[in-house]
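Structure for the following, please:
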Amino acid sequence: LVEEVEQSVRELIHAGRGRPGVSRGARRARPGLPTGVPERHTVIAAVVSSIPEDSPVTDPYQPAPGVELTHPEWSRSATIYQINTRQFTAEGTLAAAAGELPRLRDLGVTIVWLMPINPIGEVNRKGTLGSPYAVRDYLAVNPELGTLEDLKSFVAQAHSLGLFVILDWVANHTAWDNHLVTDHPEWYARDWKGEFTPTPWWDWDDIIDLDYERPEVRRYMTEAMAYWVREADVDGYRCDVAGMVPTDFWENVRRELDAIKPVFMLAEWEARDLHVRAFDMTYAWSWNDTMHHIAQGKADVESLYVYYAWNAKAYPRDIMRMMFVSNHDKNAWDGTEYEMFGDAVQAAIVLSVIGEGMPLLYNGQEAGNDKRLEFFEKDPIVWREHPMAEFYRSLFALKHATSCLWNAAWGARMVNVRNSASKQVLSFVRADAASRVFCVLNLSPTEQKVTFGPGPHLGRWREHFTGAALSVDDETALTVEPWGYRVFVG
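The predicted structure is shown next:
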């Protein structure tokens, strides 16, 4: 019977529905069965003819799109800036932070990411002030930061400056004293003893996990996220430990939020499937780890090929990876960018901006912040004039102005240019019809003189930082100082 049904379907497809060059409307306009189909297939013919006019006819040999969502147009050449509101200003408030928005715009920032703005749990709190990632109420603003009106004003001021604001969202877990614990205890995951449980294996004992097998949890969390888009006009979310929450939940969240306004979604995770229907951008954790190992002398440049090969082949084309040398986790728990990268810090920043991906600037980096900010206490950034501000400003301006450096499919792929010191020097070109950039980075503690193999790097260039002209041919040799970099614009 199964074989007969399969044969019937094949005959139907051959006879009419799948015949190339015949419109579905024309096929369905004919009365009865398609010519040549035996009458015994009446039932199957009726099923096929009942398929709606606009249903796609699937060709199994056509490639499926790697990304099905649409990135907001304003993310085309975007950069991102993370605000740790507690430490960003002496006041530690949203109102005080809003006063810094013009400065961020002038740095070349596009997206402002606010760490969680919700009230913080008190039960099992860590330190004096607690972790912003232990949320007590998803629908309120932490009074230490200000009010709902302060948040609305912050977002409105950002929008007036051409900036966009995303909120940090903690969907995986709540504080122990979140009202959901008493209102809906059945919404929480349980351990082997049947008790509330923090995320397994971690030392996150100030939080307990939600259970995403329950539709009620999914509905509540989705509606809570939609609330801030509607009420405060925020432009999306950075989603904490996104991979610990089911992907299909995020996919539905994206659909519902996009129905309100085009949003930008950043996942704190590293997985290609999150890009298909949920997130515009994921973390490039493995890039950061590899660069750290190189800076510490524990790896060489060829170890970066693993990241870039996966980025080119294992991930969809039209995606964004967040490139960073620091963030709140790295700064608080592992060390400042100066501890992590030492003399390699500027080369790492250059690669984070010129290579594929969107660069992150964590608050204080532009001031050369060289201290680990306390995570559970008040520890404001010491602001000062510092060359790092102009360094970032120059790189961000280049990214905005140079189409081959844009994000996702708007920008160009990195093309590896082989050189004579492949374990010490990384060289690549990004080029499109309107622009091209040739980048050479000496990721070693010794001076390197390199020549280059075949590639799209030949021609006349201008070095971005110095303005020096360079003509590159098959015989060109370039000397680069330890941890040095050259960014040539064509």
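
Please name the residues that touch residue 473.
residue 458 (Cβ atoms under 8 Å, 6 or more residues apart in numbering). C-beta here means a position set from N, CA and C on the backbone, and glycine is covered the same way.

Return the helix or strand in this protein with minimum mean pLDDT.
The weakest-scoring helix or strand in the chain, judged by mean pLDDT, DSSP states H and E, is helix 24-29 (a mean of 37).

number of nearby residues for residue 352?
Neighbour count for residue 352, taken as other Cβ atoms under 10 Å: 22.

can you list the weak-confidence ranges in this structure?
1-57 (pLDDT under 70).

Confirm residue 226 sits in a helix?
Yes. Applying DSSP: H, G, I helix; E, B strand; the rest coil, one finds residue 226 inside a helix.

Next, name the residue at the spatial heart of the protein.
residue 281 (2.1 Å; Cα atoms, centre = their mean).

All the helices of the stretch 201-350 of the chain, in order from the start?
215-232, 247-258, 274-277, 285-295, 304-313, 328-329, 337-341, 345-354 (DSSP state H, counting those that start in this stretch).

most packed of the ones you listed?
Neighbour counts (mean count of other Cβ atoms under 10 Å) averaged over each of these peak at helix 345-354, with a mean of 23.

other SSEs contacting it?
helix 285-295, strand 320-323, helix 337-341, strand 358-362, helix 387-401, strand 436-442, strand 485-489 (3 or more Cβ pairs under 8 Å, 6 or more residues apart in numbering; DSSP states H and E).

ok and it relative to strand 358-362, angle-wise?
130 degrees (axes from the mean of the first three to the mean of the last three Cα atoms, to 10 degrees).

contact partners of helix 345-354?
Contacts of helix 345-354 (Cβ under 8 Å, 6+ apart): 79, 291, 295, 323-325, 337-338, 341, 359-360, 391-392, 395-396, 398-399, 405, 426, 430, 437, 439, 441-443, 483-485, 487.

which of those residues are buried?
79, 291, 295, 323-325, 337, 341, 359-360, 391-392, 395-396, 398-399, 405, 426, 430, 437, 439, 441-443, 483-485, 487 (16 or more other Cβ atoms under 10 Å).

picking that back up, so which of the helices of the stretch 201-350 of the chain comes closest to residue 370?
Ranking these by proximity to residue 370 (Cβ to Cβ) places helix 337-341 first, at 5.3 Å.

Let me see the contact set for residue 94.
Counting by Cβ under 8 Å, 6+ apart, residue 94 has contacts 85, 114, 117, 141, 145, 146, 150, 151, 153, 154.

now do residue 81
Here residue 81 is in contact with 104, 107, 109, 111, 112, 113, 360, 361, 362, 363 (Cβ under 8 Å, 6+ apart).

what separates the third one from residue 193, distance-wise?
Looking back up the chat, that one is residue 109. For residue 109, the distance to residue 193 equals 47 Å [Cβ to Cβ, to the nearest Å].

for the contacts of residue 81, which one is nearest residue 245?
Closest to residue 245, out of all of those and judged by Cβ to Cβ, is residue 113, at 18.5 Å.

who's that closest one bridged to?
Beta bridges link residue 113 to residue 82, residue 166, judged by DSSP bridges.

so it touches residue 85, yeah?
No. Contact between residue 113 and residue 85 fails when scored by Cβ atoms under 8 Å: they sit 10.7 Å apart.

Could you pull out the residues contacting both of those two?
Joint contacts of residue 113 and residue 85 (Cβ under 8 Å, 6+ apart) do not exist.

Now residue 93: closest residue in space, sequence neighbours ignored.
residue 146 (4.9 Å; Cβ to Cβ, 6 or more residues apart in numbering).

correct me, but the one you found touches residue 95?
Yes. Taking contacts as Cβ under 8 Å, residue 146 lies within contact range of residue 95: 5.6 Å.

who's more crowded, those two?
Shown here are residue 146 and residue 95; by other Cβ under 10 Å, residue 146 has more neighbours (22 against 17).

From residue 423, how far out is that one?
51 Å.

Likewise for residue 279?
34 Å.

if we can go back for a sec, farthest-separated two in the contacts of residue 94?
Counting by Cβ to Cβ, the most remote pair of these is 85 and 153, 13.9 Å apart.

neighbour-wise, which of the two wins?
Per other Cβ under 10 Å, whichever of residue 85 and residue 153 has more neighbours is residue 85, with 24 against 16.

Tell me which residues touch that one, please.
So residue 85 contacts 92, 93, 94, 97, 114, 115, 117, 145 (Cβ under 8 Å, 6+ apart).

and what of residue 300?
Counting by Cβ under 8 Å, 6+ apart, residue 300 has contacts 294, 423, 424, 443, 444.

rerun that using 7 Å as the cut-off
294, 423, 424 (Cβ atoms under 7 Å, 6 or more residues apart in numbering).

ok, residue 210 to residue 216 distance?
10 Å.

anything in contact with each of those two?
residue 187.

Residue 109 and residue 193 - which one has more neighbours?
For residue 109 versus residue 193, neighbours defined as other Cβ under 10 Å are more numerous around residue 109 (25 against 7).

didn't residue 443 look like it was pressed against residue 301?
Yes. The criterion here is Cβ atoms under 7 Å, and residue 443 meets it with residue 301 at 5.2 Å.

Between these two, which contacts overlap?
With Cβ under 7 Å, 6+ apart as the test, residue 443 and residue 301 both reach 294, 424, 426.
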